[in-house]
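Undergrad: Next one to model:
(4 chains)
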Number of protein chains: 2
Amino acid sequence: MPNRPLSADTIHVSPDVWKQGVRALWRTTGSRVTKPRVRVLDAIMRYQTPFSAEQLCADLGQSISPPGRATVYRTIEQLSESGWLARIHTQTGEAGYVPSLPGHLHHLICTTCGVVIAFEGCVLDDLLVRLSSQTDFAIEGHLLQIYGRCATCK
Amino acid sequence: MPNRPLSADTIHVSPDVWKQGVRALWRTTGSRVTKPRVRVLDAIMRYQTPFSAEQLCADLGQSISPPGRATVYRTIEQLSESGWLARIHTQTGEAGYVPSLPGHLHHLICTTCGVVIAFEGCVLDDLLVRLSSQTDFAIEGHLLQIYGRCATCK
DNA sequence: CTATATGCAAATTCTTTGCAAATCG
DNA sequence: CGATTTGCAAAGAATTTGCATATAG
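TA: Numbers count the residues shown, from 1 in each chain, chains lettered A, B, ... in the order given. Predicted structure coming up:
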């Protein structure tokens, strides 16, 4: 039996691609590439798992000449709104951010170590059509996160 | 062409069923049916859209002999953990609660008026199997929310 | 140069906690 | 009654804001 194409392909966000993308965002929107912002980017790239704003502030606080809280929060907001950070919700309701590429929709999250894998998938199309006719909603978007234990943790 | 059974059926949470269910929870777990808790239930039943803890406190504050903040927070936590409240995330990241029945998994949320429709669906099974083999995760659960505009708002 | 961004410290907002007094069963 | 729950007020987080100063382009 031949391998069928998967309906969902996992996506790896390379640090270089991500940083370039964010810098491009800044350039094209007239935002400036400042030292504090770059420090925030670098710190984000060091995480293997979702991070919170406070965590990021605390970790940056260890370094020399850390950006102020306000800058950290403002940068996170900017990246989050433009899709370069994705907001993750754990099963217990805590929120966190992970580097992302604009347009990526779904995440697979390890409930033990927190590692996140992004993927795309059109598997919802069928459901969306049915829901749409059944409820008379005009569907605009969706949030899908899947929880499990990764190969290492299980 | 015959109507095929839908892969997802919307679910209506009747106020009576819900309140009875919560009371049953309290009885069976040795929790007490106190006046402040009942006031919280009643207030929750008045919402047509997701509410936050602060909102609930504020609204209860209008009434005579309102429960204290602590009681409101503790009651929400209790209901949330037992599945009688579901946590909702809006597209902009705000969180809110809606009355739910334990085990219900998915929500369709109007991005204009905030009304929420719950539904069940096994449409993810296929995706989960594929993801599982592709990523070597042991899948444990998932969060699915769909955003759109309801019949009235669209 | 000048528009944008920073950092600070204070103000807000949201949530949790400890404990004496009240209350449900 | 006795165990559970409440309400308060204070502590603790998390986030936002205003504005004088610094800086990228």
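
Undergrad: helix or strand for residue A:31, which one?
TA: Counting by DSSP states H and E, there is no helix or strand that carries residue A:31.

Undergrad: partners of the worst-scoring helix or strand of chain A on mean pLDDT, with directions?
TA: Least confident helix or strand, chain A: strand A:8-11 with a mean of 77, by mean pLDDT, DSSP states H and E. For strand A:8-11, the paired strands and their directions (DSSP bridges) read strand A:116-121 (antiparallel).

Undergrad: pLDDT on the strand it pairs with, on average?
TA: In this model, strand A:116-121 has an average pLDDT of 90.

Undergrad: So what touches that strand?
TA: With CB atoms under 8 Å, 6 or more residues apart in numbering or on different chains as the test, strand A:116-121 has contacts from A:7-13, A:49-50, A:86, A:88, A:98, A:100-101, A:104-110, B:127, B:131, B:135, B:137. All C-beta atoms are positioned from the backbone trio N, CA, C, and that covers glycine.

Undergrad: Show the overlap between those residues and what lies near DNA strand D.
TA: Subset of the contacts of strand A:116-121 in contact with DNA strand D: empty, counting by CB under 7 Å from any atom of the strand.

Undergrad: Give me the below-cutoff pLDDT ranges for chain A.
TA: Across chain A, the ranges flagged by pLDDT under 70 are A:1-8.

Undergrad: Tell me which of the contacts of strand A:116-121 fall in helices.
TA: Those of the contacts of strand A:116-121 mapping onto helices are B:127, B:131, B:135, per DSSP state H.

Undergrad: Of those residues - the most surrounded one?
TA: Highest neighbour count within the ones in helices among the contacts of strand A:116-121, by other CB atoms under 10 Å in any protein chain shown: residue B:131, with 26 neighbours.

Undergrad: what about that residue, distance to chain A?
TA: 6 Å (CB to the nearest CB, to the nearest Å).

Undergrad: which residues touch that residue?
TA: Counted by CB under 8 Å, 6+ apart, residue B:131 has contacts A:8, A:108, A:119, A:146, B:137, B:139.

Undergrad: Am I right that residue A:96 is in a strand?
TA: Yes: under DSSP: H, G, I helix; E, B strand; the rest coil, residue A:96 sits within a strand.

Undergrad: Show me the beta-bridge partners of it.
TA: The partner residues for residue A:96, given DSSP bridges, come to residue A:88.

Undergrad: before we move on, what about residue A:107?
TA: Beta-bridge partners, per DSSP bridges, of residue A:107: residue A:118, residue A:145.

Undergrad: what's near enough to touch it?
TA: By CB under 8 Å, 6+ apart, the neighbours of residue A:107 are A:86, A:88, A:98, A:116, A:117, A:118, A:119, A:144, A:145, A:146.

Undergrad: can we see that at 6 Å?
TA: A:116, A:118, A:145 (CB atoms under 6 Å, 6 or more residues apart in numbering or on different chains).

Undergrad: any idea whether residue A:74 is helix, strand or coil?
TA: Residue A:74 ends up helix, using three-state DSSP.

Undergrad: I misspoke; the intended subject was residue A:54.
TA: helix.

Undergrad: how deep is it tucked in, by neighbour count?
TA: Residue A:54: 11 neighbours (other CB under 10 Å).

Undergrad: what do you get for residue A:32?
TA: Considering only other CB under 10 Å, residue A:32 is surrounded by 7 other residues.

Undergrad: now do residue A:90
TA: Residue A:90, neighbours per other CB under 10 Å, totals 15.

Undergrad: need the contact list for it.
TA: Not one residue lies near residue A:90 by CB under 6 Å, 6+ apart.

Undergrad: What residues does chain A have near chain B?
TA: A:6, A:8, A:87, A:89, A:93, A:108, A:117, A:121, A:123, A:127, A:130-131, A:135-151, A:154 (CB under 6 Å from any CB of the partner chain).

Undergrad: Now the buried members of those.
TA: Among those, those buried by neighbour count (16 or more other CB atoms under 10 Å in any protein chain shown) are A:8, A:87, A:89, A:108, A:117, A:121, A:123, A:127, A:130-131, A:135, A:137-139, A:142-150.

Undergrad: Get me the contact residues on chain A for DNA strand D.
TA: Counting by CB under 7 Å from any atom of the strand, chain A sits next to DNA strand D at A:26, A:32-35, A:52-54, A:69-70, A:73-74, A:77, A:95.

Undergrad: and which of the residues you listed is nearest chain B?
TA: residue A:95 (7.4 Å; CB to the nearest CB).

Undergrad: what does the least confident helix or strand of chain A contact?
TA: Taking CB under 6 Å, 6+ apart as the rule, strand A:8-11 contacts A:117, A:118, A:119, A:121, B:127, B:131.
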